[in-house]
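Student: Build me a model:
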Amino acid sequence: MAKKKGNRLLIGLECTETGMRSYITQKNRINTTDKVELMKYNKKLKKHTLHKEVLRLK
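Tutor: Okay, here's the model as predicted:
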């Protein structure tokens with residue numbers, strides 16, 4: 001059975017302060033055309049920091 005390509009993309013998130021890429025999430029390519037920016041926890045700094053979308057995975 002063939003798989004249908006959906007509207008969801010896997011993206012990687014990178015911390016703006018340390019440059020660590022520690023989170024992977026999904027986004028809908030139709031509803032969210034801009035790059036994603038989320039406040040996520042950074043283990044190295046032990047606080048919440050801004051993470052931006054940097055790469056698309058399979």
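Student: pull the longest strand from this structure.
Tutor: strand 47-56 (DSSP state E).
Student: what comes up buried for that one?
Tutor: 49, 51, 53 (16 or more other CB atoms under 10 Å). Quick note: C-beta positions are derived from backbone N, CA and C, even for glycine.
Student: Strand partners (parallel or antiparallel) of it?
Tutor: strand 8-15 (antiparallel), strand 37-42 (antiparallel) (DSSP bridges).
Student: For the shortest one, what does the pLDDT average out to?
Tutor: Strand 37-42 carries an average pLDDT of 96.
Student: what does that strand rub up against?
Tutor: 13, 15, 17-18, 20, 22-23, 25, 47-53 (CB atoms under 8 Å, 6 or more residues apart in numbering).
Student: Off-centre distance for it?
Tutor: 10 Å (CA atoms, centre = their mean, to the nearest Å).
Student: So for Asn31, which of the strands paired with strand 47-56 sits nearest?
Tutor: With CB to CB as the measure, strand 8-15 is the member of the strands paired with strand 47-56 nearest Asn31 (10.2 Å).
Student: Quick check: next helix or strand after the closest one?
Tutor: Per DSSP states H and E, strand 8-15 leads on to strand 21-28 as the next helix or strand towards the C-terminus.
Student: That following strand packs against which elements?
Tutor: strand 8-15, strand 37-42, strand 47-56 (3 or more CB pairs under 8 Å, 6 or more residues apart in numbering; DSSP states H and E).
Student: among those, which is nearest Arg29?
Tutor: strand 8-15 (5.4 Å).
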